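> Need the 3D shape of this:
(2 chains)
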Amino acid sequence: MIAVVWVCGILVTVGAVLAVVRAEKGPSMLDRTVALDIVVTAMIVAVALYGAVERRTDVVPVLVVLSLVGFVGSVTVARFAAVEPEGEGRVRTREEIAAAEAERMAAEDEAEGSRRTGRREGEDEHHGGGAEGEVRG
Amino acid sequence: MTQDQWTTVADVASAVCLLGGAFLAFAAGVGALRFPDLLARMHAGTKPQVLGLALVLIGLALRLRSGGAVWALVLVAVFQMLTAPVAAHMVGRAGYRTGKVRSDLLVVDELTSDQARAQVRDQGRPDDDDPRD
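Predicted structure coming up:
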């Protein structure tokens, strides 16, 4: 039994590590979701292995919870998956962040200005539509 | 057979099941790392999610051999089999809609041709408000 446990443990660990490597490489959010799903499954297998070795019945609720968590995670990420422009997956440099921030502030000021003039003219206030970057069509 | 022999048989069967489940988890890791696109990686990821999990839970049940725990394990398996297709459907749909599916790797792509046909059929009609929901 000890040899079996060692072999199983090594297989599961290597599988989980390979999945983590894929989660790190991406390239998209959905690839990472799939990879992390595999990690969660490897965790379920590992916990079940532990329970089998030690003959412990109290790990069974942990298995139930883990299978729930994996489902909720991947569905949530899939719901908010958006079209990512090329090169979105990398970390931005300081200059790029500063430029984007300045642009955002300018846009906000402009929106504020137009909102004020709009209100003076008695236009209806309109409430926000769908989330930006939502999956469409 | 005596009680002892049955216990040995159950332990050996459980060891085989656990080995199978662990191997499938390993195969999923290799597949996720090496396969070229989202759908192929999803395919690799489903191996331990259903068959691998079932094997591991059978192995665990053979080792625990107590009524209440085994029913909870059945619950885990049933739950996973209900939720895995839903999650895979959501991920696959989001992947298709955001262009993560490489059409040059597909043998059959019925969705794209169906969508093209539906678009031709709907031309001239006023555009409905998001028919998905």
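> Only C-alpha atoms from now on, for both contacts and neighbour counts.
Will do.
> now residue B:63: how far from residue A:55?
According to C-alpha to C-alpha, to the nearest Å, residue B:63 and residue A:55 sit 7 Å apart.
> Could you check which of the two has the larger neighbour count?
Applying other C-alpha atoms under 10 Å in any protein chain shown to residue B:63 and residue A:55 shows that residue B:63 carries more neighbours, namely 22 against 16.
> Tell me the helices and strands packed up against the strand or helix carrying that one.
Per DSSP states H and E: residue B:63 is located in helix B:53-64. On a contact count with 3 or more C-alpha pairs under 8 Å, 6 or more residues apart in numbering or on different chains; DSSP states H and E, helix B:53-64 meets helix A:29-54, helix B:3-34, helix B:67-97.
> deepest of those, which one?
Counting by mean count of other C-alpha atoms under 10 Å in any protein chain shown, helix A:29-54 has the highest mean neighbour count of the helices and strands packed on helix B:53-64, with a mean of 24.
> so what does it touch, helix or strand wise?
Judged by 3+ C-alpha pairs under 8 Å, 6+ apart, helix A:29-54 is in contact with helix A:2-25, helix A:60-79, helix B:3-34, helix B:38-47, helix B:53-64.
> can you list these in CSV and add distance to residue A:104 and mean pLDDT?
Formatted as CSV, those follow (distance: least, C-alpha to C-alpha, whole Å; pLDDT from 0 to 100):
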stretch, distance to residue A:104, mean pLDDT
helix A:2-25, 29, 91
helix A:60-79, 26, 85
helix B:3-34, 37, 89
helix B:38-47, 33, 86
helix B:53-64, 48, 89
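> what's the closest of those to residue A:31?
With distances scored as C-alpha to C-alpha, the stretch of the helices and strands packed on helix A:29-54 nearest to residue A:31 is helix B:38-47 (5.9 Å).
> In that closest one, which of the residues would be classed as buried?
B:38, B:39, B:40, B:41, B:42, B:44, B:45, B:46, B:47 (16 or more other C-alpha atoms under 10 Å in any protein chain shown).
> Can you lay out the residues you listed as CSV showing distance to residue B:73?
Output for these, formatted as CSV (distance: C-alpha to C-alpha, whole Å):
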residue, distance to residue B:73
B:38, 30
B:39, 29
B:40, 29
B:41, 27
B:42, 24
B:44, 24
B:45, 21
B:46, 19
B:47, 18
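> if we look at chain A, which of these are close to it?
With C-alpha under 8 Å from any C-alpha of the partner chain as the criterion, the buried residues of helix B:38-47 include B:38, B:41, B:42, B:45 near chain A.
> show me what contacts the most centrally placed residue in chain B?
Taking C-alpha atoms, centre = their mean, the centroid of chain B lies closest to residue B:46, which sits 3.0 Å from it. Taking C-alpha atoms under 8 Å, 6 or more residues apart in numbering or on different chains, we find residue B:46 in contact with B:28, B:84.
> and if we set it to 10 Å?
By C-alpha atoms under 10 Å, 6 or more residues apart in numbering or on different chains, the contact set of residue B:46 is A:34, A:37, A:38, A:41, B:24, B:25, B:28, B:52, B:53, B:84, B:85, B:88.
> can you list the residues you listed in CSV and add distance to residue B:109?
Listed next are the contacts of residue B:46 as CSV, based on distance: C-alpha to C-alpha, whole Å:
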residue, distance to residue B:109
A:34, 21
A:37, 26
A:38, 26
A:41, 29
B:24, 28
B:25, 29
B:28, 24
B:52, 29
B:53, 30
B:84, 22
B:85, 19
B:88, 17
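> Out of those, the closest to residue B:114 would be?
residue B:88 (20.8 Å).
> tell me the contacts of the closest residue in space to the closest one that isn't next to it in sequence?
Leaving out its chain neighbours, the residue that sits closest to residue B:88 by C-alpha to C-alpha, 6 or more residues apart in numbering or on different chains is residue B:42, at 7.3 Å. The contact partners of residue B:42, by C-alpha under 10 Å, 6+ apart, come to A:30-31, A:33-35, A:37-38, B:28, B:31-32, B:35, B:88, B:91-92.
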